[in-house]
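**Student:** Here is the input, now give the coordinates:
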Amino acid sequence: MTFLALLAFSLVRVQYDGGGDWYNDPDVLPNLAREARARVGLEVDTAQVVLRLDDPRIFDFPFLYLTGHGNIFLSEEEASNLRRYLEQGGFLYADDDYGMDEAFRREMRKVFPEATWVEVPFDHPIYHVVYDFPQGLPKIHEHYPGPPKGLALVHRGRIVVFYTYNTNISDGWTPTHNDPPEKREAAFRMGINILVYALSY
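**Tutor:** Reported below is the predicted structural model:
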């Protein structure tokens with residue numbers, strides 16, 4: 001395992017235009033950071049950083065997080081900067097908080113117009129790198145009929161964007177939604193897998 005356990009870093013929440021609530025549940029990244037520090041020893045700051053995708057400072061951070069309920073809009077500069085970031089080893093985790101799916105997929109076509117979303121198979125390391133999820137993503141919240149899906153955009157054999165749909169993993173990182181303990185535990189375990197995978201591959 002090659003993740004940077006000894007180097008301090010921060011988690012970045014992506015701010016975007018379009019009207020979607022990029023800012024919802026502001027405690028989720030700090031809570032995930034605390035769990036990652038306690039469970040796997042990552043030197044992750046418990047204060048989140050908020051950046052736009054056209055900000056050159058995104059290149060200083062290994063992990064971006066994007067969520068929301070509604071519309072998302074990326075300018076050409078934001079899409080171009082995000083592509084460079086991902087091609088140079090960065091990672092974007094996007095969690096549909098219900099209602100952002102159509103807009104998010106549309107905007108990601110600006111970033112990688114040649115790429116196709118693929119469903120990540122259950123034997124992939126992202127489901128096993130720390131905790132085992134032999135059936136793939138846990139279902140934290142029911143938003144749509146059917147199972148949850150872990151989707152990816154892959155560049156040169158590496159997942160650069162991991163997108164969780166119909167589960168809302170990050171809602172389990174906050175007590176706000178009164179999820180039962182087993183749901184919150186599953187959410188934190190999957191979140192730590194995502195984070196460690198992003199730093200390891």
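
**Student:** any low-confidence regions in the chain?
**Tutor:** Applying pLDDT under 70 to the chain flags the ranges 1-7.

**Student:** CA atoms only: put the helix ranked longest in it into CSV for me.
**Tutor:** If you go by DSSP state H, the chain has its longest helix at helix 181-200. What follows is helix 181-200 as a C-alpha-only set of coordinates in CSV (Å, rounded to 0.1, in the frame of the first residue of the first chain):
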residue,chain,number,x,y,z
PRO,A,181,-25.6,3.2,13.7
GLU,A,182,-25.1,0.4,11.2
LYS,A,183,-25.8,2.7,8.2
ARG,A,184,-23.4,5.3,9.5
GLU,A,185,-20.7,2.7,10.2
ALA,A,186,-21.1,1.3,6.6
ALA,A,187,-20.9,4.8,5.2
PHE,A,188,-17.7,5.6,7.1
ARG,A,189,-16.2,2.3,6.1
MET,A,190,-16.9,3.0,2.4
GLY,A,191,-15.8,6.6,2.7
ILE,A,192,-12.4,5.4,4.1
ASN,A,193,-12.1,2.9,1.3
ILE,A,194,-12.7,5.6,-1.2
LEU,A,195,-10.2,7.9,0.4
VAL,A,196,-7.5,5.3,0.9
TYR,A,197,-7.9,4.1,-2.7
ALA,A,198,-7.6,7.6,-4.0
LEU,A,199,-4.2,8.0,-2.2
SER,A,200,-3.0,4.5,-3.1
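
**Student:** List the buried residues in it.
**Tutor:** The neighbour-count check on helix 181-200 (16 or more other CB atoms under 10 Å) flags 183-184, 186-199 as buried. In this view, the C-beta of every residue, glycine as well, is placed from N, C-alpha and C.

**Student:** and which of those residues is nearest Ala115?
**Tutor:** Each of the buried residues of helix 181-200 was scored against Ala115 by CB to CB, and Ala198 proved nearest at 17.8 Å.

**Student:** in terms of contact, does that closest one touch Tyr65 like I think?
**Tutor:** No - Ala198 is beyond contact range of Tyr65, at 10.1 Å (criterion: CB atoms under 8 Å).
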